[in-house]
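*Asks:* Predicted model and sequence below, questions to follow.
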Amino acid sequence: MSKTNRWVSWGILVFGFVIVFFHRLAIGSVADQLMMDLKLDSVQIANLAAMTFYGYALMQLPVGIMVDTIGVRKLCTVGMGVTAIGSFIFGLSHLIYLSYFARLLVGIGTSVIIVSIMKLQATLFQKNMYSTLSGLTSLFGNFGAFFATIPLTFIALNYGWRVTFVILGVITVVLSFAIFLFVKETPKGTHESNIKIKEGVKFVLSNKRNYPNFFIMVFFVGSLTAVLGLWGNGYLKTVYHMNGEKAAYYLSFITYGFILGAPIVGKGSDLLGGAIKKIMVFASLGYVLLWLYILVIYKGQPPVNQWPMLFFLMGIMIICHILVFSNVKNINPLKYTGIAISVVNVGEFVGSGIISMTMGYLIKTLKGSTYSSEEVFKIAMILVLVSAILSFISVLFMNDQEKTTDILTNL
C-alpha cells in the first residue's frame, strides 16, 4: 500500500474520531435545554448521557472481533451510518424513551472508530510509530471534545439543540460515504479473515496483564469523562453561579490539555523506549493530587480564576491514557489487537456511565435534604476523587513494558 493511502485512510478515521468525541460529550453542553424541553430530572439526564456510554461499551467486544475479521472499512461505514440515524432521531424526538434509544444508537455507531484506528495503526505503520500515531489521533480527536464545549454551547443557544444534532447527523452521513470510498486496509490477501474468534477472546480475557489497563480506563478516563461530558457544567454553574457559556469556557481548558498533551505523550513514550508505566504513575498521581487540592484544601470551591489551570492540568494528566493502548498492543498477539483493545476500551464507557449515573442519583437524593445546592455538587464530586485514587492503584499493578519478556512470539 502506498504511503499516501495509509495516511488518507488514517486521516479519515481520525476525522471520524473528532465526530465521535462531539457526539459523546454533547449532552453536557446542552443539558439545561434538554432538561427544560424534555422535562428531565438529574437522574434522567444522567441516564440520557449514560445511554451513549452503554451502547459503546456493549459493542466493544463485537467491534474488536469484527475489526479482526470483516475489516475496518465496512465496519466504520455502517457504524457512522447508525450514528447519523441516532443523531437525527435525537434531534427530532419529543419523547424521553425515544431519546434514550437515539443516544443508544449513537453509542453503538461511534463504538467502531477508535478500535479501527488502533488496528489500522498496528497493521499499516511501523511498530515504533504506534504511540506517536496514538498521540496524534488523540490530538485531532480531542478537537471534537473542544467543539462540544464553547462552540456547541454557542450554536445551541443561537439555533437550538435540535438543529445542532440534525446538522451533526448530516456531517456523519458524509463521513460514512468518505470512509466507504477512500479508506484502505491491509494489502489484498493479508487480512486475517480466518482468525479463530473463540481462541482470541479466550486469550485476551485470560491474559491478566490486560486487567490493570481495563480499570485504568474505568476510573482514570471514566471519571473525567463524567465531569467533562455532564456534571462539570452543572457543578460550575451551581457552585459559582455562572452561566452556561462561562462554564463551557472553563471546561474547554480540559480539552486544551488533551490537545497539547496528546502528541507530547505519544512521541515522548516512543523516544523513551516505551516508558509507559512511569508516565502513567506520574499522571495518575497528579490527577489524585489535583482533586485533593480542590476538594480537601479548598473544600470544593477553589478561587474561580484557578479553574483554567486546574482543568488544563487534568487534561494533560488524563491524555496519558493513550499509552494504555500501546501497552495492550505489546502484551497481546498482533492478530488479536482489535479484540484486546476493544475489551480494555470498554472500561472507559462502563466507568463514565456508572460514575455519571451515581452522581446523578446522589445529587437527586441530597437535594431533598438539608444540604444547599452548592454543597450537593461538592459532595457529588467526591466520587471523582475516589475514582482518581482507584485509578492510581490500578496503575501500580500495570505490567511494566520495559521488563516484559516476549511471550507472544509463538502465538
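*Replies:* Sure thing, it's come through. Numbers count the residues shown, from 1 in each chain.
*Asks:* now the helix or strand of the chain with the lowest mean pLDDT: how far from the chain's centre is it?
*Replies:* The helix or strand of the chain with the poorest confidence is helix 130-147; it has a mean of 77 (mean pLDDT, DSSP states H and E). Its chain's average C-alpha position is 11 Å from that of helix 130-147, according to Cα atoms, centre = their mean, to the nearest Å.
*Asks:* Spatially nearest residue to Glu245, not counting backbone neighbours?
*Replies:* In this structure, Glu245 finds its nearest non-sequential neighbour in Thr153, 5.5 Å apart by Cβ to Cβ, 6 or more residues apart in numbering. For every residue, glycine as well, the C-beta is placed using N, CA and C.
*Asks:* and the one you found, how many neighbours does it have?
*Replies:* 26 (other Cβ atoms under 10 Å).
*Asks:* And it, how close does it get to Phe258?
*Replies:* 18 Å (Cβ to Cβ, to the nearest Å).
*Asks:* For the helix or strand hosting Val82, list every residue counted as buried.
*Replies:* For Val82, the host element (DSSP states H and E) is helix 72-92. Neighbour counts over helix 72-92 (16 or more other Cβ atoms under 10 Å) mark 72-73, 75-91 as buried.
*Asks:* May I see the buried residues of the helix or strand that that helix is followed by?
*Replies:* Beyond helix 72-92 on the C-terminal side, the first helix or strand identified by DSSP H and E is helix 96-110. Across helix 96-110, burial judged by 16+ other Cβ under 10 Å covers 96, 99-110.
*Asks:* Nearest to Leu366, out of those residues: which one, please.
*Replies:* Set against Leu366, the nearest of these by Cβ to Cβ is Ile96 (23.1 Å).
*Asks:* need the contact list for the nearest residue to the closest one once chain neighbours are set aside.
*Replies:* Leaving out its chain neighbours, the residue that sits closest to Ile96 by Cβ to Cβ, 6+ apart is Leu38, at 5.7 Å. Applying Cβ atoms under 8 Å, 6 or more residues apart in numbering to Leu38 gives the contacts Gln44, His94, Ile96, Ser99.
*Asks:* Verify the stated contact: the last one with Ser87.
*Replies:* If I follow you right, that is Ser99. No. Using Cβ atoms under 8 Å, Ser99 makes no contact with Ser87, being 11.5 Å away.
*Asks:* follow-up on the earlier one: pretty sure the residue nearest to Glu245 sits against Ser29.
*Replies:* Yes. Using Cβ under 8 Å, Thr153 makes contact with Ser29 at a distance of 4.8 Å.
*Asks:* what touches both of the two?
*Replies:* Jointly contacting Thr153 and Ser29 under the rule Cβ under 8 Å, 6+ apart are Gly244, Ala248.
*Asks:* could you list every residue that touches Val288?
*Replies:* So Val288 contacts Leu385, Ala388, Ile389, Ser391, Phe392 (Cβ under 8 Å, 6+ apart).
*Asks:* Out of those residues, list just those in strands.
*Replies:* Of the contacts of Val288, none are assigned to strands by DSSP state E.
*Asks:* Among these, which one lies nearest to Ser342?
*Replies:* Taking Cβ to Cβ as the measure, Ser391 is the one of the contacts of Val288 closest to Ser342, at 20.2 Å.
*Asks:* The closest one contacts Leu285, doesn't it?
*Replies:* No. Taking contacts as Cβ under 8 Å, Ser391 lies outside contact range of Leu285: 9.7 Å.
*Asks:* Please identify which of those two sits among more neighbours.
*Replies:* Taking other Cβ under 10 Å, Ser391 and Leu285 do not tie; Ser391 has more neighbours (29 against 17).
*Asks:* Now do the same contact list for that one.
*Replies:* Taking Cβ under 8 Å, 6+ apart as the test, what Ser391 contacts is Phe215, Ile216, Val218, Phe219, Phe220, Ser223, Ser284, Tyr287, Val288.
*Asks:* Okay then, goodbye and thanks.
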